[in-house]
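> have a look at this prediction, sequence included:
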Amino acid sequence: MLSKTFTRILGSTALIIVLLLSVATPALAFDGRGGGDITIPASEVVNDDLYISGQAVVVDGTVKGDLVVFAQTVTVNGTVEGDLLGAGRDIIVNGTIGGAVRIAGAALDVGEIASIG
């Protein structure tokens, strides 16, 4: 009798644990921003992928992931350790891109000191 009760308690506990683990929410793996003019200051480090939508975007800081940006003018003066995926009228790269650059736009300007992986 004791063994039957113990088995039911153990089974119920295991079922509750499995149900609790199955409804855990996943962590977001990106940082999203939007608005008019957006600037990532030189002192800021973004530790995820960064998604931005705005009129004019200036990245002076560091993005430790991919940068996905949609704006009329995009200027990267800082560091993007991943890929740059951008859509806009003007894309200006003066900083360092660790991965590839894929754009849809009217003009891509790569500065003299820019570095693209």
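Everything's here; your move.

> and the strands in the protein?
Secondary structure of the chain (DSSP state E): strands at 30-34, 37-40, 45-46, 49-53, 56-59, 62-63, 67-70, 73-76, 79-80, 84-93, 96-97, 101-110, 115-116.

> which helices and strands does the second one pack with?
Right, the one you point to is strand 37-40. Contacts defined by 3 or more CB pairs under 8 Å, 6 or more residues apart in numbering; DSSP states H and E place strand 37-40 against strand 56-59. C-betas here are computed from N, CA, C, even on glycine.

> repeat that for 10 Å
Here strand 37-40 is seen to pack against strand 49-53, strand 56-59, strand 73-76 when contacts are counted using 3 or more CB pairs under 10 Å, 6 or more residues apart in numbering; DSSP states H and E.

> just the CA trace of it, in CSV.
Provided in CSV are the C-alpha atoms of strand 37-40 (Å, rounded to 0.1, in the frame of the first residue of the first chain):
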residue,chain,number,x,y,z
ASP,A,37,16.9,59.6,-35.5
ILE,A,38,18.6,56.9,-33.6
THR,A,39,22.2,57.0,-32.3
ILE,A,40,24.1,54.2,-30.6
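
> give the pairing partners of it; include direction for each.
strand 56-59 (parallel) (DSSP bridges).

> circling back to that earlier point, switch the strands of the chain over to TSV; also include mean neighbour count and mean pLDDT.
Formatted as TSV, these follow (neighbours: other CB atoms under 10 Å; pLDDT from 0 to 100):
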stretch	mean neighbour count	mean pLDDT
strand 30-34	13	75
strand 37-40	16	91
strand 45-46	16	91
strand 49-53	19	90
strand 56-59	22	94
strand 62-63	23	94
strand 67-70	22	92
strand 73-76	22	94
strand 79-80	23	94
strand 84-93	20	91
strand 96-97	19	94
strand 101-110	13	87
strand 115-116	14	88
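
> can I get those strands in TSV including distance to T5?
Below are the strands of the chain laid out as TSV (distance: least, CB to CB, whole Å):
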stretch	distance to T5
strand 30-34	49
strand 37-40	60
strand 45-46	54
strand 49-53	51
strand 56-59	63
strand 62-63	57
strand 67-70	56
strand 73-76	65
strand 79-80	60
strand 84-93	59
strand 96-97	64
strand 101-110	63
strand 115-116	67
